[in-house]
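Trainee: Structure for this input, please:
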Amino acid sequence: MQTIYDARLLLVDDTPELLELLCEHLQAAGYRSIVTAADCRAARAAFAQQRPELMILDINLPDGDGFALFRQLQAQADVPALFLSARDADADRLFGLGLGADDYLTKPFLMQELLLRVQHILQRAYRAELQRGAAGHLQLGRRTVELADALVYLPDGKTLPLTVTERALLQKLAENRGHIITYDALYEAVWGQDYYGCENSLNVHMRHLREKIEENASKPRWLLTVRGIGYKLAGEEQP
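Mentor: Sure thing, here's the model as predicted:
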């Protein structure tokens, strides 16, 4: 897994409208591999066919309950899970968390809250794997970046060193390649929570970073500005 958006998700709920809505929002957020199931039987089959990296499980299912399903699937592999339930009972929430689930949401819920919880679970559960993936090399046209060594390799074999700040910025962008990273997220990744006054500094560092990773810094192909929002490191499919 290079980014959290590569994670395989299994959604289990017996309400077709909710499944469709969940899929739409997760896909819009960037998640590419989503499998759905409307009951325990279909969920077990989907789990066996392609082991997910996160499960979102309804508690009330037509042929069983999400708690029992979770125990059955966890016996096969330790996969993070988020429970969904229409029952707003502390006992249910504590029981689900006590089984080893990572989080619990009560219906109805805001989709943005679900997306944030999914993001946090994946980042927490797969932090080491994501860091290993991000620590590899980035192929940016004819230039290669080795983040572990903080070096940019030019086509003629020469290298350009990245500063500590440039590497931290590129690391954050690489971890979410193809997705917009807000200014605030970049500030915090480099300068921490007390980043007040770093706005101009960010622009300067991004300009220097473009001069190293782009063949034509005045017409960037990879490090793109999303005006008013942040920056994005374009995926390899970009022309």
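Trainee: And the helices in this protein?
Mentor: All helices of the chain, identified by DSSP state H, fall at 16-29, 40-49, 66-74, 90-99, 111-125, 127-134, 164-175, 183-191, 199-213.
Trainee: Tabulate those in CSV, adding columns for distance to residue 235.
Mentor: Backbone N, C-alpha and C define where each C-beta goes, glycine included. Output for these, formatted as CSV (distance: least, Cβ to Cβ, whole Å):
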stretch, distance to residue 235
helix 16-29, 16
helix 40-49, 27
helix 66-74, 32
helix 90-99, 36
helix 111-125, 19
helix 127-134, 14
helix 164-175, 11
helix 183-191, 18
helix 199-213, 14
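Trainee: Give the residue farthest from the middle of the chain.
Mentor: The centre of the chain is farthest from one residue, residue 156, which by Cα atoms, centre = their mean lies 34.7 Å away.
Trainee: Is it possible to get CSV of the helices of the chain that adds mean neighbour count, mean pLDDT and distance to residue 229?
Mentor: CSV is the format used below for the helices of the chain (neighbours: other Cβ atoms under 10 Å; pLDDT from 0 to 100; distance: least, Cβ to Cβ, whole Å):
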stretch, mean neighbour count, mean pLDDT, distance to residue 229
helix 16-29, 14, 93, 15
helix 40-49, 17, 96, 35
helix 66-74, 19, 92, 37
helix 90-99, 14, 67, 35
helix 111-125, 16, 90, 16
helix 127-134, 14, 67, 22
helix 164-175, 20, 89, 13
helix 183-191, 17, 83, 7
helix 199-213, 16, 88, 13
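Trainee: Number of residues surrounding residue 137?
Mentor: Using other Cβ atoms under 10 Å, residue 137 is surrounded by 14 other residues.
Trainee: Distance check, the closest residue to residue 140 other than its chain neighbours against residue 117.
Mentor: In space, and not counting its chain neighbours, residue 140 is closest to residue 222: 4.7 Å by Cβ to Cβ, 6 or more residues apart in numbering. When Cβ to Cβ, to the nearest Å is applied, the distance between residue 222 and residue 117 equals 31 Å.
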